[in-house]
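Participant: Give me coordinates for this.
(chains A and B)
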Protein chains: 2
Amino acid sequence: LLAGQEGTPQALGSGFAPANIALCKYWGKRDDELNLPMTSSLSVSLGALGTRTDLSVRDGGDEVLLDGELVPPADSFAARITSFLDLIRSESGPGFRVATQNAMPTAAGLASSASGFAALVLALKEVMGWDLDSRALSMLARLGSGSACRSLFSGFVEWHVGVRDDGMDSYAEPIDCVWPDFRIAPVTVSAERKSIGSREAMRRTRDTSRLYEAWPAQVAEDLLAIRAALRERDFVRLGETAEANALAMHATMMASRPAVLYWRPETLETIRRAWRLREERGIPVYCTMDAGPNVKLIFLRESTAAIESEFDAVEIINPFETATTAKSEY
Amino acid sequence: LLAGQEGTPQALGSGFAPANIALCKYWGKRDDELNLPMTSSLSVSLGALGTRTDLSVRDGGDEVLLDGELVPPADSFAARITSFLDLIRSESGPGFRVATQNAMPTAAGLASSASGFAALVLALKEVMGWDLDSRALSMLARLGSGSACRSLFSGFVEWHVGVRDDGMDSYAEPIDCVWPDFRIAPVTVSAERKSIGSREAMRRTRDTSRLYEAWPAQVAEDLLAIRAALRERDFVRLGETAEANALAMHATMMASRPAVLYWRPETLETIRRAWRLREERGIPVYCTMDAGPNVKLIFLRESTAAIESEFDAVEIINPFETATTAKSEY
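Facilitator: Below you'll find the model as predicted:
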């Protein structure tokens, strides 16, 4: 991937990448080292919510800062960054100072590893002077964290599963669909640390869940439906499919042995509350859930008031909001 | 089934059959009319908890009483009994008075249709003077409600899936395993009426859940494990398999479209509480859940005190308790 990209590092570089939420989930790898997925997936990036990374070359080893605080090198967060950096530098160095800042709703349970590795790749591009297109950057980010390959882009994004063993055809691309009325709202039911990390949970599902055998076919079907829904701006079809896809993903986990059960009582309560809004008041709101207990609601701008009145202090995200439109919206 | 069984009805008959809880679930039919299952299943009968049915021949139409109260003929409970009786009598009659009494823990969420149809078949045998063995009676009960075929027997019972289209090899049989220390305790989290009946939920799962495709293979594997666990009195293996099997069944439902989600927040809370007992205190207690929000705990006699202290006012059932042993046990 980096052949012919050996220039002299610049002193400084920085990058920003948005967090993303999958509407058709990535669950299960066909290659654990290269983060090659079993299926394609499709996400929406969260606009201005994400990670900013400032990078500088330094003598000696790496130094990782998170929101201004030095992270001990033995911490898994710092260790993951260092092993990623090892992939792209020679044995003789250089060392990096990686200063990461997450701009996300407090404790919203949004994964920061996707935006984090994507921002790191963008900062590295600047520092290293790589002449790489977004496809190559997407593949680099994927090596850090699978879903990071989607965080290179804004709006709706599809990660192509690819067929090659070396992963050179497994990258993300933006989908040509701007939907300014699309909204997403994370509902945090627990900020507790997950009982099992998503890498381990994916592996266990793939290796022990018989029901997972049907997952790739389900995803293929759901992707077709979601792509069509985006093309036709058919929100109900989009929401129904995204919700059903998330439930099916959790079903594959639940059938693992031992079971992977991320849901907490409040998870179900939130899902049921969204369903009640839909059934009793006709509000088109749908749920999606990732490898954790939190729920993300998806809906359209027109339902904002209903969502705000039903879910206390919920933070509503407009993925297509830019700095310039932000003021006129609110 | 009833060829050569046309005698003169007796005036009176009665039957008792226990409720049963599946440890390897029955989920999905290959024939909706004959209640032929997609897979075999394995249950434990609940001893003295079940249904007693008193039957008498009467002039005119059928009359159905539940716990002494007349049930309107249009009620689905009465209608199901009448259509079942229609299967076994000629067009000219006779009419029956069916008086049903359920002896179950209050609102324990135990299915009464299994014990109900099994008791009805036993009462019919007496009234009609049928000379039928238990295998034939089991098949008759199956026509009323699939899992009723298992309620003809006490202790651990296996329902053989069969291969014939006419269902003549799809019946239950008792398993040669007496386990006096085995306990089961229903934890009622909601007495609300189910949002969707199990017949409809089974059909939807079979017809729309891709994950269900893997269910028959999962059951085949689980049955082997449960049979072995019963043979070897290996409670941990029995509990682990039964719990995983129930979770997998719910996973197949959850992946239906639209989703079938019987769980309530309290369901998850109960499951997690049982898991905590297991993890933190080493108590071998496992969960099983049927087509509804309630949880049944399975454990051994030695864990009774721990279960009673963790679950308020829980009713503990000894499936192998008989009227004569009841006194010495308590």
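Participant: Next one: the closest residue to A:Leu65 other than its chain neighbours from chain B, what distance?
Facilitator: If you skip the residues right next to it in sequence, A:Leu65 has A:Ala99 as its closest partner in space, 4.3 Å away by Cβ to Cβ, 6 or more residues apart in numbering or on different chains. C-beta: built from backbone N, CA, C; applies to glycine. Using Cβ to the nearest Cβ, to the nearest Å, A:Ala99 is found at 39 Å from chain B.
Participant: so what's A:Ala99 up against?
Facilitator: A:Ala99 sits next to A:Thr53, A:Asp54, A:Leu55, A:Leu65, A:Gly68 when contact means Cβ atoms under 8 Å, 6 or more residues apart in numbering or on different chains.
Participant: hey, what's the third one bridged with?
Facilitator: Pointing back at A:Leu55 there. Following DSSP bridges, A:Leu55 is listed with bridge partners A:Gly13, A:Val98.
Participant: Test my guess that it contacts A:Leu12.
Facilitator: Yes - A contact is recorded between A:Leu55 and A:Leu12 when judged using Cβ atoms under 8 Å, the distance being 7.1 Å.
Participant: Pull up the overlap in contacts between these two.
Facilitator: When contacts are counted by Cβ under 8 Å, 6+ apart, A:Leu55 and A:Leu12 are jointly contacted by A:Glu126, A:Val127.
Participant: which one of those two has more residues nearby?
Facilitator: Taking A:Leu55 and A:Leu12 together and counting by other Cβ atoms under 10 Å in any protein chain shown, A:Leu55 has the greater number of neighbours (27 against 13).
Participant: Which pLDDT value belongs to that one?
Facilitator: Looking at A:Leu55, its pLDDT reads 96.
Participant: Now A:Val187: closest residue in space that isn't a chain neighbour?
Facilitator: Spatial nearest neighbour of A:Val187, excluding adjacent residues (Cβ to Cβ, 6+ apart): A:Val295 at 4.7 Å.
Participant: Okay, the one you found and B:Pro284: tell me how far apart.
Facilitator: In this structure, A:Val295 and B:Pro284 are separated by 33 Å, where distance is defined by Cβ to Cβ, to the nearest Å.
Participant: what do you get for A:Ala11?
Facilitator: Where B:Pro284 is concerned, A:Ala11 sits at a distance of 61 Å (Cβ to Cβ).
Participant: What of A:Ala313?
Facilitator: Separation of A:Ala313 from B:Pro284 (Cβ to Cβ): 42 Å.
Participant: now swap in A:Thr208 and tell me
Facilitator: For A:Thr208, the distance to B:Pro284 equals 21 Å [Cβ to Cβ].
Participant: Could you give me the buried positions within stretch A:134-144?
Facilitator: Along stretch A:134-144, these residues count as buried under the neighbour rule (16 or more other Cβ atoms under 10 Å in any protein chain shown): A:Arg135, A:Ala136, A:Leu137, A:Ser138, A:Met139, A:Leu140, A:Ala141, A:Arg142, A:Leu143, A:Gly144.
Participant: now stretch A:151-163
Facilitator: Buried residues in stretch A:151-163, counted by 16+ other Cβ under 10 Å: A:Ser151, A:Leu152, A:Phe153, A:Ser154, A:Gly155, A:Phe156, A:Val157, A:Glu158, A:Trp159, A:His160, A:Val161, A:Gly162.
Participant: hey, C-alpha coordinates of that stretch in PDB?
Facilitator: Taking only C-alpha atoms (Å, rounded to 0.1, in the frame of the first residue of the first chain), the coordinates of stretch A:151-163 have been written out as PDB:
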ATOM      1  CA  SER A 151     -14.900   7.400   8.800                       C
ATOM      2  CA  LEU A 152     -12.700   8.800   6.000                       C
ATOM      3  CA  PHE A 153     -15.900  10.100   4.300                       C
ATOM      4  CA  SER A 154     -18.900  12.100   5.300                       C
ATOM      5  CA  GLY A 155     -22.600  11.300   4.600                       C
ATOM      6  CA  PHE A 156     -23.600   7.800   3.700                       C
ATOM      7  CA  VAL A 157     -20.700   5.500   3.100                       C
ATOM      8  CA  GLU A 158     -20.400   1.900   1.900                       C
ATOM      9  CA  TRP A 159     -17.500  -0.400   2.800                       C
ATOM     10  CA  HIS A 160     -17.000  -3.000   0.100                       C
ATOM     11  CA  VAL A 161     -16.300  -6.400   1.400                       C
ATOM     12  CA  GLY A 162     -13.800  -7.200  -1.400                       C
ATOM     13  CA  VAL A 163     -12.700 -10.700  -2.400                       C
END
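Participant: mean confidence score for it?
Facilitator: Taken as a whole, stretch A:151-163 has a mean pLDDT of 98.
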